[in-house]
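K.L.:
Requesting a structural model of the entry that follows:
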Amino acid sequence: MDAAEDVWAAAREELGSTPGGGFNMGWAAVDRHVAAGNGARTALRWRGRDGAIRTVTYAELAADGNRVADALRRLGVRQGEVVFTLLPRVPALYAVMLGALKAGCVVAPLFAAFGPEPLRRRLVLGQARVLVTTAALCCRKGIAGLEGLPVRLDVVTIDDPPPGARGLADLMAEADPDAACAPTGPDDPALLHFTSGTTGAPKGAVHGHGALVAQLATARHALDVRAGDAYWCTADPGWVTGTVYGVLAPLACGATLVADEGDFDPAHWYAVLAEERVAVWYTTPTAIRMLMRVGDELPRRHDLSALRACASVGEPLNPEAVTWGAAVLGQPFRDTWWQTETGAIMLANTGPDAVPGALGHPIPGIEAAILRRTPDGVEVVEEPGAVGELALRPPWPSLFQGYLGDAARTARAFAGGWYLSGDLARRDAQGRFWFVGRADDIIKSSGHLIGPFEVESVLLEHPAVAEAGVIGRPDPVAGEVVKAFVALKPGHAGDPALAAELIAYARRRLGPALAPREVVFAEALPHTRSGKIMRRLLKARELGLPEGDLSTLDCGGR
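P.N.:
Numbers count the residues shown, from 1 in each chain. Here you go, the predicted model:
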């Protein structure tokens, strides 16, 4: 057994197997602790918008998950079918996710700020069998009575259901709190996460139950999560981070999840850290920069002495944030790097490796390299400091099984025995990796991954728009914000009123997270010979780069 397999084998042994054999990540994350006699340990500390606080033990969460699993079976949902969640941070979210996993279903989280079109597109692509949401979201997004899906969709609300939906409470009323876990194995599909691409529809990355092996190991190594820790991940549960490191991995570690329903507010966030005695905090560079803007006096009013580890995810972490965290919070923020497709953290700053600005070293069990594309495939770049594409050597337990229904796209993610990340990076003489840029056009705004094609498609539906090209404009707080370049049809004037109208139109269709913040009108947009809009050229003009050399923006990535 090599060193990498030894790392995963230890995590597999710790997670064990479900009663009767097999492996199920829902059971391994929660019920395993109950079976070991730790059912009274607190699994969840929920803080509501109205100030309410609810504590849920591992035993209670296990029983609630079992009831959800039994309710899904009574509803006629079969093992392998997809259960979508469109929920805020409420206690029911955790029971639904875990229960669907224990029923053998595939869990597909959705972001509540998506507009109707992105939601519908994902439900169709994922062949949704069940959608669990709230009555307000169900009505606001026009979900009840949704037509055009390839299978029957049952809409279930965690509160009083509107017409066309069912109530979760009614379904669980007679459900069995001791319902048996489905006979799943580590390779059975468990999670479906959608990540936007630069062209075409959003990509659905599928992960198996065995992904929890790497998620447990990385939560321990990269985030230092320990049993009994108060742990707070601020990522929305609709994103992959909010699922993997907001629910599954910390529960597998035996930690107490801190779940706050409130919106971002610096004073409130510091109060949560202090009152919940948070030991491990996982957040985004955007949030850190917003906290830094408030100043150093506010955090010093709170007792943050329980903090043992602070980490960031979602976009590159600027060096100032690392040193600010150490000076003001008593702990440096340590950057982590991973992707939806990797399923778990791959690079991290740990211990003395926390160098401001660096992504860090590969976690134990992961081999990473810098690659250069060649006419014959790829080659490893050995010289320190050289820029190339960050790549990882498969397999590892949380590597995605592929893009749903798209074998060709899956194949393009691999070459020469490597997984190709699409991110540009360099490696220094000490083996640390440093982020340089992206090889594609994905926009990272406040930790959200935004595909330009999806935004452009909605803008093109407006009667005044002939063409649209979307890029990320650098922003000191969000990292990037969406900027749209629009060419108009004859008879329309590109004035501020129309720009505001287009932004409002996109916000209604896409939601505020995906919609453009700025619209600029142009007589024509630049195209390739094949007719594709040259977003790289728009980006170069935005950044003031020479248009003749765009190598800093692209290395031929996916």
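K.L.:
CA-only coordinates of the strand or helix carrying Val458 in CSV, if you can.
P.N.:
In this structure, Val458 sits in helix 452-460 according to DSSP states H and E. Extracted as CSV, the C-alpha positions of helix 452-460 are listed here (Å, rounded to 0.1, in the frame of the first residue of the first chain):
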residue,chain,number,x,y,z
PRO,A,452,-20.9,34.1,-18.9
PHE,A,453,-22.9,32.1,-21.4
GLU,A,454,-25.9,31.8,-19.0
VAL,A,455,-25.9,35.6,-18.4
GLU,A,456,-25.5,36.3,-22.1
SER,A,457,-28.4,34.0,-23.0
VAL,A,458,-30.8,35.9,-20.8
LEU,A,459,-29.7,39.3,-22.0
LEU,A,460,-30.2,38.1,-25.6
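K.L.:
Output the contacting helices and strands for the helix or strand following it.
P.N.:
Using DSSP H and E, the helix or strand that follows helix 452-460 in sequence is strand 465-475. When contacts are defined as 3 or more C-beta pairs under 8 Å, 6 or more residues apart in numbering; DSSP states H and E, strand 465-475 packs onto strand 443-445, helix 452-460, strand 479-488, helix 535-543. To be clear about C-beta, it is placed using only N, CA and C from the backbone, and glycine gets the same treatment.
K.L.:
Tell me which stretches of the stretch 251-400 of the chain form strands.
P.N.:
In the stretch 251-400 of the chain, the segments counted as strands under DSSP state E, counting those that start in this stretch are 256-260, 280-283, 309-312, 333-337, 347-348, 361-362, 368-374, 377-380, 387-392.
K.L.:
export these to TSV and tack on distance to Val155, mean neighbour count and mean pLDDT?
P.N.:
TSV is the format used below for these (distance: least, C-beta to C-beta, whole Å; neighbours: other C-beta atoms under 10 Å; pLDDT from 0 to 100):
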stretch	distance to Val155	mean neighbour count	mean pLDDT
strand 256-260	24	23	98
strand 280-283	32	26	97
strand 309-312	36	24	96
strand 333-337	36	27	95
strand 347-348	39	24	96
strand 361-362	43	20	96
strand 368-374	42	18	94
strand 377-380	46	14	92
strand 387-392	38	23	94
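K.L.:
can you redo the helices and strands packed on strand 465-475 as CSV with distance to Val107?
P.N.:
Output for the helices and strands packed on strand 465-475, formatted as CSV (distance: least, C-beta to C-beta, whole Å):
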stretch, distance to Val107
strand 443-445, 24
helix 452-460, 22
strand 479-488, 28
helix 535-543, 33
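K.L.:
Dump these to CSV, plus mean pLDDT.
P.N.:
CSV is the format used below for those (pLDDT from 0 to 100):
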stretch, mean pLDDT
strand 443-445, 84
helix 452-460, 84
strand 479-488, 93
helix 535-543, 83
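K.L.:
Save these as TSV, and put in mean neighbour count and distance to Phe333 too.
P.N.:
TSV is the format used below for the helices and strands packed on strand 465-475 (neighbours: other C-beta atoms under 10 Å; distance: least, C-beta to C-beta, whole Å):
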stretch	mean neighbour count	distance to Phe333
strand 443-445	22	17
helix 452-460	21	29
strand 479-488	22	15
helix 535-543	18	26
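K.L.:
Count residues in the vicinity of the closest residue to Arg301 other than its chain neighbours, would you?
P.N.:
Using C-beta to C-beta, 6 or more residues apart in numbering and skipping residues adjacent in sequence, the residue nearest Arg301 is Tyr270, 7.5 Å away. Tyr270 has 20 neighbouring residues, counting by other C-beta atoms under 10 Å.
K.L.:
Can you tell me the closest non-neighbouring residue to Val258?
P.N.:
Of all residues not flanking Val258 in the chain, Trp232 sits nearest, at 4.1 Å (C-beta to C-beta, 6+ apart).
K.L.:
Kindly apply the preceding question to Leu390 instead.
P.N.:
Leu390 sits nearest to Ala425 (C-beta to C-beta, 6+ apart), 4.1 Å away.
K.L.:
Run through who's touching the host helix or strand of that neighbour.
P.N.:
Element membership for Ala425 (DSSP H and E) is strand 418-427. Strand 418-427 is contacted by residues 337, 339, 341-342, 359, 369-371, 378, 384-394, 399, 413-414, 433-440, 442, 555, 557-558 when judged by C-beta atoms under 8 Å, 6 or more residues apart in numbering.
K.L.:
Surely Val481 is in contact with Arg517?
P.N.:
Yes - using C-beta atoms under 8 Å, Val481 makes contact with Arg517 at a distance of 4.3 Å.
K.L.:
Low-confidence regions, the stretch 251-400 of the chain specifically.
P.N.:
Scanning the stretch 251-400 of the chain with the threshold set as pLDDT under 70 gives 353.
K.L.:
So which residues of it form helices?
P.N.:
Taking DSSP state H, counting those that start in this stretch as the criterion, the stretch 251-400 of the chain contains helices spanning 266-275, 285-294, 319-324.
K.L.:
Surely Leu72 is in a strand?
P.N.:
No - counting by DSSP: H, G, I helix; E, B strand; the rest coil, Leu72 is not part of a strand but helix.
K.L.:
Find the nearest non-adjacent residue to it, please.
P.N.:
Closest to Leu72 by C-beta to C-beta, 6+ apart is Ala103, at 4.6 Å.
K.L.:
how about the one you found, what does it touch?
P.N.:
Applying C-beta under 8 Å, 6+ apart, one finds that Ala103 lies in contact with 68-70, 72-73, 77, 79, 83, 182.
K.L.:
Only C-alpha atoms, please: export the helix or strand that contains Thr55 in CSV.
P.N.:
Using DSSP H and E, the element containing Thr55 is strand 53-57. C-alpha atoms of strand 53-57 as CSV (Å, rounded to 0.1, in the frame of the first residue of the first chain):
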residue,chain,number,x,y,z
ILE,A,53,-31.7,29.3,19.0
ARG,A,54,-32.2,25.6,18.6
THR,A,55,-29.8,22.8,19.6
VAL,A,56,-30.0,19.4,17.8
THR,A,57,-28.1,16.4,19.0
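K.L.:
ok, residues contacting it?
P.N.:
39-48, 64, 91, 94.
K.L.:
In it, which residues are buried?
P.N.:
For strand 53-57, burial by neighbour count (16 or more other C-beta atoms under 10 Å) applies to 56-57.
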